[in-house]
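# Attaching a predicted model along with its sequence, questions to come.
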Amino acid sequence: MDSILTEALLPGLELAFANASCPIKGLLFTNPNNPLGQCYPTSVLEGCIQFCQRHKIHFVSDEIYATTSYKCPDLQNPTPFVSALSLNLAALGCDPSRVHAFWSTSKDFGQSGVRMVGTLTIGSCPTSPTQEITLDRAVPLHRQTKN
């Protein structure tokens, strides 16, 4: 499991992309990792974003657990969280309109019934060229039934 948190992940992405049986439109990346809660090193984030750029696909970073971190005596020098949107995408040679991140209050504030997420794209979003920040929401349909 440790190898997915290192640059060993990148050859696996290339192999999966080459052997895909359907068109790949994007890479959904969960950082911090779920269920481990460990963060990916900056070099892995950059490598994944460059992978997406080479293949002209979108990089979507699930950062819902970004501000939820706990100290663990078993982890010496844990990798700190780095948002995909904090990277210098121009220096990486990447199109910022293909890099997206989303975050929600549901985990950090214990709002498990609230289904709302903020999605951020730096640069123009392909579906709405004039809009850089979108806020999406969904209403949960929890129902209770009686016998």
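Thanks, I have it.

# Tell me where the longest helix sits in the protein.
In the chain, assigned by DSSP state H, the helix with the most residues is helix 42-54.

# any idea how far the next helix-or-strand element following that helix is from the chain center?
Once helix 42-54 ends, the next helix or strand along the chain (criterion: DSSP states H and E) is strand 58-62. Computed by C-alpha atoms, centre = their mean, to the nearest Å, the chain-centroid distance of strand 58-62 equals 4 Å.

# Just name whatever secondary elements strand 58-62 is in contact with.
strand 26-30, helix 42-54, strand 99-103 (3 or more C-beta pairs under 8 Å, 6 or more residues apart in numbering; DSSP states H and E). (Each C-beta comes from the backbone N, C-alpha and C, glycine too.)

# Tell me the bridge partners for the residue positioned nearest the centre of the chain.
To find the centre residue of the chain, average its C-alpha atoms and take the closest one (C-alpha atoms, centre = their mean): that gives Ser61, at 1.5 Å. The residues paired with Ser61 through beta bridges, assigned by DSSP bridges, are Phe29, Ala101.
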